[in-house]
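K.L.:
I would like the atomic coordinates for the input below:
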Amino acid sequence: MRILYVTTISATMGFFKKEFIHLQQNGHIIELACNCNNAFGFDIPNTDMIVYNLPFSRSPFSPDNLFAYRRLKKLVNENHYDIVHCHTPNAAAITRLACRNIRSNGTKVIYTAHGFHFYAGSPKKNWMIFYPIERLCARWTDVLLTINSEDFKLAKSKFKAKKIDYIPGVGIDLAKFSAVTVDIMKKRRELDIPSEAFVLLSVGELNENKNHETVIRAIAGIKDVYYLIAGMGNKEERLRRVIKEFGINDRVKILGFRNDIPELLAIANAFIFPSFREGLSVSLMEAMASGKPAIVSKIRGNIDLIDENGGLLFDPYSIDDCRKAIEALMNSNISKMGNYNQNKIKRFSDIEVLKKIDEIYTIN
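P.N.:
Below is the predicted model of the structure:
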C-alpha cells in the first residue's frame, strides 16, 4: 500500500518513527506531509521516504492553511494513495476536507485524535470552534481513532465517521525505560540533590497547560522535596520568578531540554503531572514504564493510566489538593505502586500499538 502521513508540524512525526519502519518492513510505501519550517524537527528514519513541506499552521485562522489545503489536495489527487492517515487538529481538518472526494476512488482516510480540544470542563469557545469542525469532518473519515476513554465515548455518541475505534496512544518502548543502568547517587550529585531527598520529576513544555506552577507552590511548604522539570517553553521566566519568590531555588530545578529522561526517571521517587488538558501523555507512560508511582491531575487521559493502585489524583486548580497528594504519596508504599504501573503500562507498548495499526490498515 501507498500511505501518506499528515501532521501540522514535523516534530509530531517523531512519534511515529517505529510505525514507519514497521510498515516499510512489511512492504508499504510511506510518505510524509507536514510543515518542516519549525524549530523542532525529527530525524527521518529512512532517507527513501518522501517528505512534502506544506505550510500548515497551528492556528486555524491562519491564511497559510489555505495554501496547505490547495497543495495537499493536488498531492492526494495525483498520487492515488491507498491510505491517508492524519494527526493533529488543523492538519486533520484540512486533510479530510482535501480528501473528501477521492474517497470514492478507494482512498481510505484515517484520523487519530490525540485528545479533542473540547472535553468535560473545557472552555465554551473550544466547543464553539472545534466541536463543529470535528463533527463535520467526521463524515469524511473512514476510521476515527481515539486514545482515551472520554474521547471514545464522545465520538461514538456524536460523530458519524464510518468507523470509530480506540488505540492505546502512540506506543512506548518499554525496554528503554524499564532496564536503565545509572549510578543514582552520582546522578543526584550532578544535579546537586541530597541523597536522602524525595525527588519529583515532571517532563513537558513550560507552558500554561502543563501547570508546573501549581506544583512549585505546593512543595514550597514541604521539607526535603526536590522538584525537577525537564522542558522548555514560554513560561520559564514566570516559573523562575515564582521559585525565587518562595526562596526554593535550591529545591526546584528547571533543566531545559534533556536527552537523559530515562536516567532522570531512575533517580526520581515519583513522577508528577499537573496538566489541565491531555490526550494520553507519553511522558506519563514513560514514567510508568520506569516503575514510578505518579501524582497526576484528575483529567481525561490521566485517569485512563493512573488509579489508586499506581498513584494519586488531584484537582489541578488547587494548590492545597496538590500538596496533600504529594504528602500522601510520600507516606505510601511507592515501590508497590511503581510495580503496579510497570505492569499496567504493558497494554500501551509500541508492540501493542503496531498490532492495532496492522489491524486498522486491513480495512475494506
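
K.L.:
how distant is stretch 172-191 from the center of its chain?
P.N.:
22 Å (CA atoms, centre = their mean, to the nearest Å).

K.L.:
for that stretch, what is the average pLDDT?
P.N.:
Mean per-residue pLDDT for stretch 172-191: 91.

K.L.:
And the contacts of it?
P.N.:
18, 194-195, 197, 199, 228, 253, 255, 262-267, 282, 285-286, 289-291, 342, 345-346, 348-350 (CB atoms under 8 Å, 6 or more residues apart in numbering). C-beta: built from backbone N, CA, C; applies to glycine.

K.L.:
and if you look at stretch 351-364?
P.N.:
1, 3, 18-19, 22-23, 26, 83, 108, 110, 142-143, 145, 163, 165, 167-171, 346.

K.L.:
Name the residues of that stretch that are buried.
P.N.:
Across stretch 351-364, burial judged by 16 or more other CB atoms under 10 Å covers Glu352, Val353, Leu354, Lys356, Ile357, Ile360, Tyr361.

K.L.:
Who does His85 form a beta bridge with?
P.N.:
Tyr5, Ile110 (DSSP bridges).

K.L.:
Surely Val143 touches Lys108?
P.N.:
Yes. Assessed by CB atoms under 8 Å, Val143 is found in contact with Lys108 at 7.2 Å.

K.L.:
Run a quick neighbour tally on the residue lying closest to Pro274 once chain neighbours are set aside.
P.N.:
For Pro274, ignoring the flanking residues on the chain, the nearest one in space by CB to CB, 6 or more residues apart in numbering is Asn211 at 4.2 Å. Residues lying near Asn211 (other CB atoms under 10 Å) number 21.

K.L.:
Let me see the contact set for Asn211.
P.N.:
Asn211 neighbours (CB under 8 Å, 6+ apart): Pro274, Ser275, Phe276, Ser297, Pro316.

K.L.:
Can you list the buried residues in the lowest-mean-pLDDT helix or strand in the chain?
P.N.:
Lowest on mean pLDDT, DSSP states H and E among the helices and strands of the chain sits helix 174-178, with a mean of 88. The neighbour-count check on helix 174-178 (16+ other CB under 10 Å) flags Leu174, Phe177 as buried.

K.L.:
Then stretch 84-102?
P.N.:
Buried residues in stretch 84-102 (16+ other CB under 10 Å): 84-99, 102.

K.L.:
where's it relative to the chain centroid, distance-wise?
P.N.:
20 Å.

K.L.:
Tell me the span between the first and last residue of that stretch.
P.N.:
11 Å (CA to CA, to the nearest Å).

K.L.:
which SSE is Glu19 in?
P.N.:
Element membership of Glu19 [criterion: DSSP states H and E] is helix 17-25.

K.L.:
Which elements pack onto the helix or strand following that helix?
P.N.:
Moving toward the C-terminus from helix 17-25, the next helix or strand (DSSP H and E) is strand 29-35. Here strand 29-35 touches strand 2-9, helix 17-25, strand 50-53, helix 64-79, going by 3 or more CB pairs under 8 Å, 6 or more residues apart in numbering; DSSP states H and E.

K.L.:
At which residues are the helices of the stretch 201-350 of the chain located?
P.N.:
212-219, 236-246, 261-267, 282-289, 302-305, 319-330, 334-344, 350-360 (DSSP state H, counting those that start in this stretch).

K.L.:
which residues are contacting the fifth one?
P.N.:
In this structure, residues lying in contact with helix 302-305 by CB under 8 Å, 6+ apart are 148-149, 273, 275, 278, 280-281, 284-285, 288, 294, 296, 313, 344-345, 348.

K.L.:
Just the mean pLDDT for that helix, thanks.
P.N.:
96.

K.L.:
buried stuff in that helix?
P.N.:
So for helix 302-305, counting by 16+ other CB under 10 Å, buried means Asn302, Asp304, Leu305.

K.L.:
Show me how far it is from its chain's centre.
P.N.:
So, by CA atoms, centre = their mean, the centroid of helix 302-305 is 13 Å from its chain's centroid.

K.L.:
Then the second one?
P.N.:
Once both centres are worked out by CA atoms, centre = their mean, helix 236-246 turns out to sit 26 Å from its chain's centre.

K.L.:
Next: the last one.
P.N.:
Here the centre of helix 350-360 is set off from its chain's centre by 18 Å, with CA atoms, centre = their mean.

K.L.:
how much does it deviate in direction from helix 17-25?
P.N.:
50 degrees (axes from the mean of the first three to the mean of the last three CA atoms, to 10 degrees).

K.L.:
again, but for the longest one
P.N.:
Relative orientation of helix 319-330 versus helix 17-25 (the same axes, to 10 degrees): 70 degrees.

K.L.:
Please export the C-alpha coordinates of helix 319-330 as CSV.
P.N.:
Taking Å, rounded to 0.1, in the frame of the first residue of the first chain, the C-alpha atoms of helix 319-330 are listed here in CSV:
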residue,chain,number,x,y,z
ILE,A,319,-2.5,24.1,45.2
ASP,A,320,-3.7,22.6,48.5
ASP,A,321,-5.0,19.5,46.8
CYS,A,322,-1.7,19.0,45.0
ARG,A,323,0.2,19.5,48.3
LYS,A,324,-1.9,16.9,50.1
ALA,A,325,-1.5,14.4,47.2
ILE,A,326,2.3,14.8,47.4
GLU,A,327,2.3,14.3,51.2
ALA,A,328,0.1,11.3,50.9
LEU,A,329,2.3,9.7,48.3
MET,A,330,5.4,10.3,50.5
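
K.L.:
That one packs against which elements?
P.N.:
helix 212-219, strand 294-297, strand 311-314.
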